[in-house]
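Undergrad: Sharing a model prediction with you, sequence too.
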Amino acid sequence: MQSQVEILNSFFLILSFVFGCMIGSFLNVCVWRLPRNESIVKPRSKCPKCDTLIAWYDNIPIVSWLALGARCRHCHTWISWQYPLVEALTGVLFACVFARFGVCMATPVYMVLCAGLVLVTFVDLADWTIPNEVTFPGIPLGLACAVVGMFYPGSGFLTKDVFDSLGGIVLGGGILYLLDKLTLLLLKKRGMGFGDVKLLAMLGGFLGWKSVFAIIMIASLAGSVIGITLVVLQRRKGIEEEAHYLPFGPYLAGAGLLFLFFGHAMIEMYLGLMHAPAPVSVFPT
């Protein structure tokens with residue numbers, strides 16, 4: 001009986017990966033079209049160089065890119081590595097969601113969240129924008145998950161109280177909004193894009209108010225390390241130093257994913273390092 005359960009779990013794990021790769025293929029379309037205000041439904045995908053419609057057998061996630069040698073079948077234009085990367089990353093995240101949460105109501109919802117964060121990351125890297133198509137529906141969806149978690153404890157949702165989710169939305173959006181206004185007041189320039197404000201509010205809605213502080217800390221640390229590294233590399237290459245701005249959305253998304261999978265362990269580890277007792281929440285948990 002146990003072996004049958006393990007086989008079934010392995011099957012669903014592989015199925016989650018394959019399904020995630022398929023969703024990743026669709027996300028590639030969104031990454032290209034959303035910043036250009038194009039429809040993500042039609043027309044069919046085509047080569048941006050020769051305008052030839054891409055056949056179904058040339059649009060199989062990861063496999064087609066490898067089989068074609070990363071080049072268009074017709075004009076032999078180089079196909080960016082971003083396409084298989086997005087597909088593989090989404091597939092891995094879907095498999096991780098199933099491995100973490102199993103068969104429950106939360107699993108497909110968190111798969112959608114992961115897909116949204118992948119989309120946010122690559123759109124922000126390419127266009128310096130965070131699509132409202134992710135954050136606007138994401139904020140009320142996170143709140144709805146908390147409501148479901150209240151009445152159905154076995155649903156698997158991390159937030160099980162509406163006040164936990166509301167606190168995350170207010171804190172997530174409020175902290176970055178105040179930081180942006182403070183930066184504008186002191187330095188006379190914008191510190192955060194409003195897309196980052198909405199993104200952190202969405203993550204707070206899904207993951208609760210405690211997640212907000214962890215996400216900001218992890219994202220800021222990662223952004224600082226990468227930013228300093230780029231400056232050092234520039235100086236070593238003798239490139240003239242200029243003002244550089246890094247999109248913050250990918251760091252917020254990555255930190256949100258870390259908290260989704262390891263949030264409870266992260267809080268316990270931090271409290272252990274600080275030798276602190278369990279925190280007293282101002283919101284019910």
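TA: That came in fine, so what should we check first?
Undergrad: From Gly195, how far out is the nearest residue in space to Thr121 that is not next to it in sequence?
TA: Spatial nearest neighbour of Thr121, excluding adjacent residues (CB to CB, 6 or more residues apart in numbering): Pro250 at 4.3 Å. Any C-beta I mention is one placed from the backbone N, CA and C, and that applies to glycine too. Pro250 is 12 Å from Gly195, where distance means CB to CB, to the nearest Å.
Undergrad: overlap in contacts of these two?
TA: Asp124 (CB atoms under 8 Å, 6 or more residues apart in numbering).
Undergrad: returning to that earlier point: and the residue nearest to Thr121, how many residues sit next to it?
TA: Residues within reach of Pro250, counting by other CB atoms under 10 Å, total 22.
Undergrad: Contact partners for it?
TA: Taking CB under 8 Å, 6+ apart, we find Pro250 in contact with Val120, Thr121, Asp124, Leu125.
Undergrad: Same question for Gly116.
TA: Here Gly116 is in contact with Val134, Gly138 (CB under 8 Å, 6+ apart).
Undergrad: circling back: from the contacts of Pro250, list the buried ones, please.
TA: When the contacts of Pro250 are checked for burial by 16 or more other CB atoms under 10 Å, the buried set is Val120, Thr121, Asp124.
Undergrad: The closest residue to Gly172 other than its chain neighbours is in what secondary structure piece?
TA: Sequence neighbours aside, Gly204 is the residue nearest to Gly172 in space, at 3.1 Å (criterion: CB to CB, 6+ apart). According to DSSP states H and E, Gly204 maps onto helix 194-207.
Undergrad: Now do the contacts for the residue nearest to Thr52 when sequence neighbours are not counted.
TA: What sits nearest to Thr52 in space, not counting adjacent residues and going by CB to CB, 6+ apart, is His74, at 4.7 Å. Taking CB under 8 Å, 6+ apart, we find His74 in contact with Cys47, Cys50, Thr52.
Undergrad: From Glu38, how far out is the last one?
TA: Computed as CB to CB, the Thr52 to Glu38 distance reads 18 Å.
Undergrad: how's this structure carved up into domains?
TA: 1-103, 109-285 (automatic domain parsing).
Undergrad: just the ones you listed: most buried one?
TA: Most buried of the domains of the chain by mean neighbour count (mean count of other CB atoms under 10 Å) is domain 109-285; its value is a mean of 18.
Undergrad: Mind pulling the model confidence for Leu271?
TA: Here, the pLDDT recorded for Leu271 equals 66.
Undergrad: Give the helix, strand or coil label for the residue nearest to Thr121.
TA: helix (DSSP: H, G, I helix; E, B strand; the rest coil).
Undergrad: and it, what pLDDT?
TA: So Pro250 comes in at 95 (pLDDT).
Undergrad: go on, Arg71?
TA: With respect to pLDDT, Arg71 has a value of 91.
Undergrad: Tell me what it is bridged to.
TA: On the basis of DSSP bridges, Arg71 takes part in beta bridges with Trp78.
Undergrad: I'd say it and Ile79 touch.
TA: Yes: assessed by CB atoms under 8 Å, Arg71 is found in contact with Ile79 at 6.1 Å.
Undergrad: follow-up on the earlier one: from the buried ones among the contacts of Pro250, which land in strands?
TA: Among those, no member is found in strands (DSSP state E).
Undergrad: From the residues you listed, pick the one nearest Gly223.
TA: Nearest to Gly223, judged by CB to CB, of the buried ones among the contacts of Pro250 is Asp124 at 12.3 Å.
Undergrad: Find the nearest non-adjacent residue to the closest one, please.
TA: That would be Gly249: by CB to CB, 6+ apart, it lies 3.6 Å from Asp124.
Undergrad: Next, the distance between the ends of stretch 68-78.
TA: One end of stretch 68-78 to the other measures 10 Å (CA to CA, to the nearest Å).
Undergrad: Please state the offset of it from the chain centre?
TA: 29 Å (CA atoms, centre = their mean, to the nearest Å).
Undergrad: my guess is Thr129 is in a helix, correct?
TA: No: counting by three-state DSSP, Thr129 is not part of a helix but coil.
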